[in-house]
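Novice: For reference, the sequence and a predicted model appear below.
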Amino acid sequence: MVQDEILDDIRTVLSSVAGVDPADVVPEKSFTGDLGIDSVTMLEAVVALEDRFGLLIADDDWPQLSTVGDLVSHLERAGVGTPT
């Protein structure tokens, strides 16, 4: 359930920031190869996600997030969606 909620939020952000069709945002898709997101747009998406989830994604971490699934896993490890 938490993964689905995180994925829905990622879909919303990528649709808004990058114009990506939300239906295309699935865990196995890569940001650059499949979704056509360049590095500048990815940076904008990271900032929007940080704002949405109230966390910081370290500059060393976000380049390692090559797929939507990588991002979902990273956000889960950061505690997104975990009851406080």
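Specialist: Cool, got the structure.
Novice: From now on I want contacts and neighbour counts done on CA atoms only, so please keep to that.
Specialist: OK.
Novice: low pLDDT regions in the chain?
Specialist: 1, 82-84 (pLDDT under 70).
Novice: redo that, cut-off 50
Specialist: Low-confidence segments of the chain (pLDDT under 50): 1, 84.
Novice: And the strands in it?
Specialist: With DSSP state E as the criterion, the chain has no strands.
Novice: For the helix ranked longest in it, give me every contacting residue.
Specialist: Using DSSP state H, we find that the single longest helix of the chain is helix 2-18. Identification of contacts with helix 2-18 by C-alpha atoms under 8 Å, 6 or more residues apart in numbering yields 20-23, 25-26, 37, 41, 44-45, 48-49, 72, 75-76, 80-82.
Novice: Sort out for me which of those residues are in helices.
Specialist: Checking those against DSSP H, those in helices are Thr41, Glu44, Ala45, Ala48, Leu49, Val72, Leu75, Glu76.
Novice: What is the neighbour count of Leu7?
Specialist: 21 (other C-alpha atoms under 10 Å).
Novice: same thing with Gly54?
Specialist: With other C-alpha under 10 Å as criterion, Gly54 counts 10.
Novice: cool, Asp70 as well?
Specialist: If we define neighbours as other C-alpha under 10 Å, then Asp70 has 17 of them.
Novice: Please name the residues that touch it.
Specialist: Pro27.
Novice: what's the distance between it and Asp38?
Specialist: Distance, Asp70 to Asp38, using C-alpha to C-alpha, to the nearest Å: 17 Å.
Novice: hmm, back to that, of the ones in helices among the contacts of helix 2-18, just the buried ones, ChimeraX syntax please.
Specialist: Selection of buried members from the ones in helices among the contacts of helix 2-18 for ChimeraX, criterion 16 or more other C-alpha atoms under 10 Å:
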select :41,45,48,49,72,75
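Novice: out of the ones in helices among the contacts of helix 2-18, what pair is the most spread apart?
Specialist: The largest separation in the ones in helices among the contacts of helix 2-18, counting by C-alpha to C-alpha, is between Thr41 and Glu76 at 22.3 Å.
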